[in-house]
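can you look at this prediction? I've put the sequence above it.
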Amino acid sequence: MMNLHSRLLAREAEGRPLRVGLIGAGKFGSMFLSQARTTPGLHVAAIADLSPDRAAAALARTGWPAGQGGATGLSDALARRATWLTDDAAAMLSAGGIDVAIDATGDPHAGCAHAALAIDNGVHIVMVNVEADALAGPLLAKWAREAGVVYSLAYGDQPALICELVDWARSAGFEVAGAGKWTKYLPHYHGSTPDTVWENYGFSPEQVATGDYNPQMFNSFLDGTKSAIEMTAVANATGLTPAEGGLTFETCDAEGLAELLKPRGDGGMLEHMGQVEVISCFNWDGTPADGALRYGVWVTFAAASDYTARCFTEYGIAADMSGRYAALYRPYHMIGLELGVSVALAGLRGEATGSATGFRADVAAVAKRDLAAGEMLDGEGGYTVWGRLMPAAHSLADGVLPIGLAKGVRLRNAVPAMHAVRWQDVDIDDADPAVRLRREMETVFREAPA
């Protein structure tokens, strides 16, 4: 990425900025807008949101000049370097003239549709919508490769940053032991609902009142769902795989990564070499763990020789007691403030900041409480189900319902608390485009597993 800025400057000087279409003007999209305004070589040509007024408010809130969103259509926006605000993402993607689209809706159904349409129209697609990636990313990425466009995870979000660390380690000749992130986790959070989210999350009423805070979305961060979704994206992009039982959320500080996040046979807690994992920044008594990095990402890796292990010691690299495992971590991720890196890489180099290469992990919908036949599931971060990470092979064998399809569907069978919901337990609409896409992906990767 060392010359991205110079290439953006060149595009600016040539009067050929990358033309960007943003879908979704919520928190992530607004953070991108705040930085796109000061990034040379980028033109936010269109914003598609179900509420164009919300998109206009996002432009104003993030410092854009009055009138920026006043374009009458995409051609007008391109001619005047203004921004077209629309409620029709499909029209934006099919109009011609967009180089890179960003889906920041967070809705897996919408995200799958937008990604497929972008690919059909030769538009690079950056998926902030990791929910859609967990649902059908392996198939969408396959389609994108066949079409010659980029399908990319979003830089600034933790999955893409983890993929970067894994790629760094492998490019330097290290074998990756584990990779993942920290999060705020306590065991009872699996039962958290939108009614308890702000107290558990630590947000004040004043902070929530500033806007952009969706209680169901933020609750998915707490109840384990978002962690499972993100580690699914990492596994499917890197070839790392989950443990048989999913995420453990062990507590660990930054200096202890190499000691804990190595295989059990070498004294660590990983089930196998090359595992995705999430660790908690809280002790399970509810107190913060000293030295844990709530917003950080990490990778652990092994020395292939005694010489390399000695180098770890000589240069002060955080290693385990044996000296053979080491860790590298990044303490923060900056969400949408960094998203421009994905846009630039896709548009200027045709490269992704993480993209699925196989179907290795999945997220099962699991009952938060005893659920009765006839109840309606309300999806990620809601009152009825949370998402548990599992190997894709188990998901296919057990017929589990993916979390991305567990919203607005009615149970035909009762499901006990902490049990996975299966396809056969729900009345599913087989005509739903997202259902058809997921079914096709299961067929493709069952026949040709990663």
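Here it is on my side, so go on.

quote the end-to-end distance of stretch 331-341.
18 Å (CA to CA, to the nearest Å).

typo on my end, stretch 343-358
23 Å.

quick one: mean pLDDT over that stretch.
Averaging pLDDT along stretch 343-358 yields 98.

for stretch 85-105, same thing?
Rounded mean pLDDT across stretch 85-105 is 98.

got the CA positions of that stretch in CSV?
Extracted in CSV, the C-alpha atoms of stretch 85-105 (Å, rounded to 0.1, in the frame of the first residue of the first chain):
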residue,chain,number,x,y,z
LEU,A,85,-28.7,11.2,-3.4
THR,A,86,-31.1,8.5,-4.2
ASP,A,87,-33.1,5.8,-2.5
ASP,A,88,-32.5,3.4,-5.4
ALA,A,89,-29.2,1.5,-5.0
ALA,A,90,-30.0,-0.7,-8.0
ALA,A,91,-30.3,2.4,-10.2
MET,A,92,-27.0,3.7,-8.9
LEU,A,93,-25.2,0.5,-9.6
SER,A,94,-26.6,0.0,-13.1
ALA,A,95,-26.4,3.6,-14.3
GLY,A,96,-22.8,3.4,-15.4
GLY,A,97,-20.0,5.6,-14.2
ILE,A,98,-19.3,4.1,-10.7
ASP,A,99,-15.9,2.6,-10.3
VAL,A,100,-16.2,1.3,-6.7
ALA,A,101,-19.4,0.6,-4.7
ILE,A,102,-19.5,0.3,-0.9
ASP,A,103,-22.3,-1.6,0.8
ALA,A,104,-22.6,-0.3,4.3
THR,A,105,-26.2,-1.3,5.0
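
buried residues, that stretch. List them.
85-86, 89, 92-93, 95, 98-105 (16 or more other CB atoms under 10 Å). Every residue, glycine included, has its C-beta placed from N, CA and C.

let me see the contact set for residue 185.
Contact analysis of residue 185 by CB atoms under 8 Å, 6 or more residues apart in numbering lists 222, 224, 227, 249, 278, 280, 281, 282.

look up how far residue 421 lies from it.
Remark: distance between residue 185 and residue 421 (CB to CB, to the nearest Å) = 22 Å.

ok, residue 60 next?
42 Å.

comparing those two, which residue is more hemmed in?
Taking neighbours as other CB atoms under 10 Å, residue 60 and residue 421 compare with residue 421 leading, 25 against 13.

is it true that that one touches residue 375?
No. Taking contacts as CB atoms under 8 Å, residue 421 lies outside contact range of residue 375: 10.6 Å.

find residues that contact each of those two.
residue 411.

just checking, residue 47 touches residue 53?
No. No contact is recorded between residue 47 and residue 53 when judged using CB under 8 Å, the distance being 11.4 Å.

more crowded one of these two?
The residue with more neighbours, out of residue 47 and residue 53, is residue 47; 30 against 12, by other CB under 10 Å.

how close does the more buried one get to residue 71?
Distance from residue 47 to residue 71, by CB to CB: 10 Å.

any shared contact partners between those two?
Going by CB under 8 Å, 6+ apart, residues that sit against residue 47 and also against residue 71 are 83, 84, 85.

list the contacts for residue 240?
Counted by CB under 8 Å, 6+ apart, residue 240 has contacts 166, 176, 178, 179, 234, 274, 275, 276, 360.

at 6 Å what do you get?
Residue 240 makes contact with 179, 274, 276, according to CB atoms under 6 Å, 6 or more residues apart in numbering.

surely residue 220 meets residue 381?
Yes. Taking CB atoms under 6 Å as the definition, residue 220 is a contact partner of residue 381 at 3.3 Å.

quick one, grab the pLDDT at residue 204.
The model's pLDDT for residue 204 equals 81.

phi first, then psi, for it.
Backbone torsions for residue 204, taken as degrees, to the nearest 10, come to phi -80, psi 160.

for residue 213, see how far away it is.
Counting by CB to CB - residue 204 and residue 213 are separated by 11 Å.

again, but for residue 325
When residue 325 is compared with residue 213 (using CB to CB), they lie 39 Å apart.

so between those two, which is more surrounded?
A count of neighbours by other CB under 10 Å puts residue 325 above the other of residue 325 and residue 213, at 29 against 16.

bridging residues for that one?
On the basis of DSSP bridges, residue 325 is bridged to residue 302.

so residue 377: helix, strand or coil?
Using DSSP: H, G, I helix; E, B strand; the rest coil, the structure places residue 377 in strand.

in terms of contact, does it touch residue 409 like I think?
Yes. Shown here, residue 377 and residue 409 form a contact pair, counting by CB under 6 Å, at 5.3 Å.

of these two, who's got more company?
Applying other CB under 10 Å to residue 377 and residue 409 shows that residue 377 carries more neighbours, namely 24 against 21.

following the lowest-mean-pLDDT helix or strand in the chain, which helix or strand shows up next?
Ranked by mean pLDDT, DSSP states H and E, the weakest helix or strand in the chain is helix 205-208, scoring a mean of 80. Next in sequence after helix 205-208, counting helices and strands by DSSP states H and E, comes helix 215-222.

quick one: contacts of that following helix?
Residues external to helix 215-222 that are found in contact with it (CB under 6 Å, 6+ apart): 106, 189, 192, 194, 197, 200, 201, 226, 380, 381, 382.
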